[in-house]
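Engineer: Here is my input; please provide its structure:
(one chain, ligands or ions: 3)
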Amino acid sequence: MPVETNNKRPIKTPKPRLFGGSLLILLTVLLLLNFIIPTFGPRPPQVAYSDFIAQVEANKVDRAIVGGDRIEYVLKSQPTGDNTLPPQAFVTTPVALDLDLPKILRDHNVQFGAPAPDTNGWIGTLLSWVVPPVIFFGIWGWLMNRGGGAGGAALTVGKSKARIYSEGSTGIKFTDVAGVDEAKAELQEIVDFLKNAGKYTRLGAKIPKGVLLVGPPGTGKTLLAKAIAGEASVPFFSISGSEFIELFVGVGAARVRDLFEQAKKQSPCIVFIDELDALGKSRGGAGGFVGGNDEREQTLNQLLTEMDGFDGNTGVIIVAATNRPEVLDPALRRPGRFDRQVVVDRPDKIGREAILNVHARTVKLSDEVQISVIAARTPGFAGADLANLVNEAALLAARQNRDAVMMADFNEALERVVAGLEKRSRVLNEIEKKTVAYHEVGHAIIGALMPGAGKVEKISIVPRGVGALGYTLQMPEEDRFLMVEDEIRGRIATLLGGRSAEEIIFGKVSTGASDDIQKATDLAERAVTLYGMSDELGPVAFEKPQQQFIEGYGNPRRSVSPKVAEQIDRQVKETIDGAHHIALTILDTNRDLLEETAQTLLQKEVLEGPTLREQLNRAQSPAELDEWLRSGKFPSGMQLKQLAIV
Ligand code: ADP
Ligand code: MG
Ligand code: ZN
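Structural biologist: Ligands and ions are numbered 1, 2, ... in the order given. Below you'll find the predicted structure:
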């Protein structure tokens, strides 16, 4: 995919006045120097004409070059000590002295000739005159343009650093962005504003000034912005929020000013600010270090001021992108600033199919590849993940020396993306292998009985990725946007299924379940503190608001009383205990199946397809499963068994 082709040209910066002034002074100095030091290098001494003739007549001259007004000559090396002149000298000839010089020279065996057409002289002078300043200014100019480094940056601090693309030169069109049709429609409107501003202003409508693209990472926000540049035949300034703030304090605001100055000159045009959150974080939010915040605040203020300072109909539209809209300063979203928000979300199945098709255009696919099947198997994937998937598949196919990318390559690529690279070199001993096999089958059997989590597609005991010694691949059948209570319970039980199998079969547990336990605890805690699923604590939020689009950030707990904290802990533990209990019960019920499947897995290393499905279809639900899924409780009167089943 061509991104940022080399058509971009740097912004024309007005030369600082300083530059012109110094240039003059420098030239003058150079000129003066040139007059003071007439020529460079040592010169032979000047001799009177009569002395020269005398030397010739004394047979001391070896050869001479006779020019119109000047004779240069070389003395013979003198064996005696009367060498008062260096071996080389010259004479300035008065033209009036018209002796028969050639004859005299000939008589005394002096070799002589005319000088070569006198070019060397003045070219040399010219060069010695011109070259040093050229070099000097070359270095200076280079420093000025470099942008980085102390010298350069010192001279360019106020420059906006935006790249400017002339019309269409990003090489990206709306057709290169798929699966985000609503966003495209909104942005199409922006393109239209720019192209036919008259249509809107004629009726007195105000063209929006700012559009904010929000969405999870990798969904194509930056790509969309580039596509706007490709579609709208207007100049496009592109800069990242973090580029405003770097190296020098007090520079950010100047850069913002410069950027808008440039943009207004070139209107109609689009200014794109990527990663706006780097710049637009809420002021006064969350304390922080004073220095850094100050700088950002100034820059942000400047941005706000600039956005207010121009009339909407000047034709400058600002597009910004962020994946953390919740941290943005509210002032940025005020009407008249970024008042339009376009959500660029993860694509649904149809969207994924479209994105896969976009990226498959440049890849040679075998006829048996069904893009729609791949799309179905990749819920939750963003555009960037899908692009990566296609590329991984192509790489795999190339490694196999295939002529075209096959479905098998996509399957392997998908597993790579989900579980990491296969690591056949990691050799497990027999006991470890057995442990992993039972552990994975434990996950699979419980996963097969739980609602909402989709089919168990594959069990493998081939090590993969950083830590996985084996893995169970469970694929949702459809896109899911919500998880219901019973599905969360089922998920926790499935996560604990591996460890439960180890308990049942070996009577002791290994360290292999730590990741499962982490995830299960996380989920159980969120169910209580975030989703309000605890009967005892009710729908009370115990965590601060979630990051909207980025996963993996821990949410801070709200301040709660010690009593409530204790209650939360107890609820979490109860949830986990219940899930653990049901997992053990299920595996106990299906012990024969567990044994048989694990043994097959040990032989084959990988179980998938119909064989696996047949096995797992035989799994039996224990009597208490339904009640537990529904309420998280076990039928009344039933005690939690002491679960050391050996
Ligand atoms: P973001 O800025 O939202 O984090 P990018 O626009 O940088 O994501 O996307 C990264 C790459 O992923 C793109 O260059 C493109 O190859 C691919 N991609 C992402 N979203 C899409 C999409 N909707 N359609 C096609 N390709 C996409
Ligand atoms: Mg981006
Ligand atoms: Zn596990």
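Engineer: Looking at whichever strand or helix holds V441 now, give me its mean pLDDT.
Structural biologist: For V441, the enclosing helix or strand under DSSP states H and E is helix 430-449. Averaging pLDDT along helix 430-449 yields 94.
Engineer: how about it against ligand 3, any contact?
Structural biologist: No: counting by Cβ under 5 Å from the ion, no contacts exist between helix 430-449 and ligand 3, the nearest distance being 5.5 Å. C-beta coordinates here come from the backbone N, C-alpha and C atoms, glycine included.
Engineer: quick one: strands adjacent to the next helix or strand after that helix?
Structural biologist: Sequence-wise, the next helix or strand downstream of helix 430-449 (DSSP H and E) is strand 455-460. Applying DSSP bridges, strand 455-460 is found paired with strand 471-475 (antiparallel), strand 606-608 (antiparallel).
Engineer: how many neighbours does E189 have?
Structural biologist: By other Cβ atoms under 10 Å, 16 other residues sit near E189.
Engineer: Show me what the strand or helix carrying it is packed up against.
Structural biologist: Assigned by DSSP H and E, E189 belongs to helix 181-195. Using 3 or more Cβ pairs under 8 Å, 6 or more residues apart in numbering; DSSP states H and E as the contact criterion, the elements in contact with helix 181-195 are strand 210-214, helix 221-231, strand 269-274, strand 316-322, strand 340-343.
Engineer: wait, does the second one make contact with ligand 1?
Structural biologist: Yes: against ligand 1, helix 221-231 shows contacts by Cβ under 6 Å from any ligand atom at K221, T222, L223.
Engineer: returning to what we had before: please convert the helices and strands packed on helix 181-195 to CSV, extending it with mean pLDDT and mean neighbour count.
Structural biologist: What follows is these, written out as CSV (pLDDT from 0 to 100; neighbours: other Cβ atoms under 10 Å):
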stretch, mean pLDDT, mean neighbour count
strand 210-214, 91, 26
helix 221-231, 87, 24
strand 269-274, 88, 25
strand 316-322, 90, 26
strand 340-343, 89, 18
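Engineer: Need the ones you listed in CSV (columns: distance to W140).
Structural biologist: As requested, the helices and strands packed on helix 181-195 are arranged in CSV below (distance: least, Cβ to Cβ, whole Å):
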stretch, distance to W140
strand 210-214, 39
helix 221-231, 33
strand 269-274, 31
strand 316-322, 34
strand 340-343, 45
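Engineer: Let me know the pLDDT of the residue in the stretch 201-350 of the chain that ligand 1 sits nearest to.
Structural biologist: The stretch 201-350 of the chain approaches ligand 1 most closely through G220 (2.7 Å), counting by Cβ to the nearest ligand atom. Confidence per residue is given as pLDDT, and for G220 that number is 93.
Engineer: Same question for P86.
Structural biologist: On the pLDDT scale, P86 is placed at 59.
Engineer: A501 now?
Structural biologist: So A501 comes in at 96 (pLDDT).
Engineer: So what's the residue count around it?
Structural biologist: Taking other Cβ under 10 Å as the criterion, the count of residues near A501 is 30.
Engineer: Can you name the element that comes right after the helix or strand hosting it?
Structural biologist: If you go by DSSP H and E, A501 is part of helix 485-506. Once helix 485-506 ends, the next helix or strand along the chain (criterion: DSSP H and E) is helix 514-529.
Engineer: The helix or strand following that following helix near ligand 3 at all?
Structural biologist: Read in the C-terminal direction, the helix or strand following helix 514-529 is helix 562-589, with elements assigned using DSSP H and E. No: taking Cβ under 5 Å from the ion as the criterion, helix 562-589 and ligand 3 are apart, separated by no less than 11.4 Å.
Engineer: other SSEs contacting helix 562-589?
Structural biologist: Judged by 3+ Cβ pairs under 8 Å, 6+ apart, helix 562-589 is in contact with helix 430-449, helix 485-506, helix 514-529, helix 625-631.
Engineer: quick one: which of the ones you listed is nearest I239?
Structural biologist: The closest of those to I239 is helix 514-529. By Cβ to Cβ, the value is 37.4 Å.
Engineer: Please spell out which residues along that closest one are buried.
Structural biologist: D516, I517, A520, T521, L523, A524, E525, R526, A527, V528, T529 (16 or more other Cβ atoms under 10 Å).
Engineer: R346: what's it in contact with?
Structural biologist: Under the criterion of Cβ atoms under 8 Å, 6 or more residues apart in numbering, the contact partners of R346 comprise G215, P216, T219, G380, F381, A382.
Engineer: Give me the buried subset of the residues you listed.
Structural biologist: The neighbour-count test (16+ other Cβ under 10 Å) applied to the contacts of R346 identifies G215, P216, T219, F381, A382 as buried.
Engineer: Tell me how far E478 lies from ligand 1.
Structural biologist: Distance check for E478 against ligand 1: by Cβ to the nearest ligand atom, to the nearest Å, it reads 20 Å.
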